[in-house]
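# Fold the following, please.
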Amino acid sequence: MNQVKGWIYKVNKRVYGATWDQFFSKARLNGYGWGHWSYLKKANRKALGSMSKGDLVLAFQTNKRTIVGICRFIEYRGKKDRELILSPVKKFSEPLRLEEFPQIKSFEAFQKGSGQKT
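All right, here's what the predicted structure looks like:
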């Protein structure tokens, strides 16, 4: 059995016009498309391309610097412009401010220019 990995997926409303609140209001347990390869930087594609079914994802809203909830990776759809299919696990009743968790701020995903896993 594969070990479940943890990831941080950053979404910025100012850049993409999307919020994690939108995801959690629309997503279904069997999965919801959230992000196409064409939107991602090359380094982020490489990192996210190694996700495995069942991996956990922290939903980070960059423009508010908050962790909104947790999702589970389901699959990729499509060939050229792959789409990430995620399933909601838990939307926090109150978003967690990044400043409240200094240990998370040290994760590679929060270092400038990174889209790497935790």
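
# wait, what's in contact with Asn63?
Asn63 makes contacts with 12-14, as judged by Cβ atoms under 8 Å, 6 or more residues apart in numbering. In short, each C-beta sits where N, CA and C put it, glycine included.

# ok, now Lys26?
Applying Cβ under 8 Å, 6+ apart, we find Lys26 in contact with Tyr32.

# Tell me the pLDDT of it.
Looking at Lys26, its pLDDT is 82.

# burial count for the closest residue to Arg65 other than its chain neighbours?
Closest residue in space to Arg65, ignoring its immediate chain neighbours: Leu98 at 4.6 Å, by Cβ to Cβ, 6 or more residues apart in numbering. For Leu98, the neighbour count with other Cβ atoms under 10 Å is 17.

# What does Leu98 show for phi and psi?
As for Leu98, its main-chain torsions (degrees, to the nearest 10) stand at phi -60, psi -40.

# Quickly note the distance from it to Glu83.
27 Å (Cβ to Cβ, to the nearest Å).

# What of Val4?
21 Å.

# more crowded one of those two?
Taking neighbours as other Cβ under 10 Å, Val4 and Glu83 compare with Glu83 leading, 17 against 12.

# Thr62 is in contact with the residue nearest to Arg65, correct?
No. Using Cβ atoms under 8 Å, Leu98 makes no contact with Thr62, being 9.4 Å away.

# Counting neighbours, which bits of the strand ranked longest in the chain end up buried?
Scanning the chain for the strand with the most residues, using DSSP state E, yields strand 83-97. Across strand 83-97, burial judged by 16 or more other Cβ atoms under 10 Å covers 83-88, 91, 95-96.

# Where is pLDDT lowest across the residues you listed?
The minimum pLDDT among the buried residues of strand 83-97 falls on Glu83, with 80.

# Following element in sequence after the helix or strand of the chain with the lowest mean pLDDT, please.
Here the helix or strand of the chain ranked lowest by mean pLDDT, DSSP states H and E is helix 42-48, holding a mean of 67. Per DSSP states H and E, the first helix or strand lying C-terminal to helix 42-48 is strand 56-61.
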